[in-house]
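Predicted structure and sequence below. I'll ask about it afterward.
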Amino acid sequence: MTTSFKVLSLTDAAADRIKAIIADAERPIAGLRVGVKNGGCAGMSYTMEYAEGPKPGEDRVEDRGVTVFIDPKAVLFLLGTQMDFQTSKLASQFVFNNPNQTSACGCGESVAITPANPEALRVSA
C-alpha cells in the first residue's frame, strides 16, 4: 500500500486570507490556483490566480476550509510546501515555505527550486 502526500498545506493565516480573497471576488471563485513559472533572477517564481474550477490534470488540495488547485507542471516543485500569509509594517504577502527551494534572489521575487524525487517520498505500509 502506498501513502500519497498532500502537495501543499496551508497555515491558518493563509486559509483566512484565501477565504477573504474569494469572498471579495467579483465573480464566483472555486479556489486559488498555484503554480510556478520560469523567470526572475533566481530562475523561477510562484504564480497565483483565481480558479473558477479545476483544469485537466490538476491536483486539488482541500485544507482549512479552502480549495487550492495545483498546476500539474508545478507539482514536483511544490511537493511538501507550506503556504503562509504574513503581514509586516511594509508588506502583506503569501510566503511559500518550500523544502525544494535551494535559494532565493535578494528581492524575494524569484527562487531556485529543485524538483522533488517522488520515489524518495513513497512510504509503504
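Noted; the coordinates are in hand. Residues are numbered from 1 along each chain as shown.

where are the low-confidence patches of the protein?
1-5, 40-42, 103-125 (pLDDT under 70).

And the strands in it?
With DSSP state E, the ranges of strands along the chain come out as 2-3, 8-10, 31-38, 44-51, 59-63, 66-70, 81-87, 92-97, 101-104, 111-113, 123-124.

out of those, nearest to residue 17?
strand 81-87 (4.1 Å; CB to CB). To be clear about C-beta, it is placed using only N, CA and C from the backbone, and glycine gets the same treatment.

Mind giving me the packing neighbours of the closest one?
Judged by 3 or more CB pairs under 8 Å, 6 or more residues apart in numbering; DSSP states H and E, the packing partners of strand 81-87 are strand 8-10, helix 12-24, strand 92-97.

Next up, the contacts around the residue sitting nearest the centre point of the chain.
Nearest to the mean C-alpha position of the chain, counting by CA atoms, centre = their mean, stands residue 34 at 4.8 Å. Contact analysis of residue 34 by CB atoms under 8 Å, 6 or more residues apart in numbering lists 8, 46, 47, 48, 68, 69, 70, 71, 74, 78, 83.
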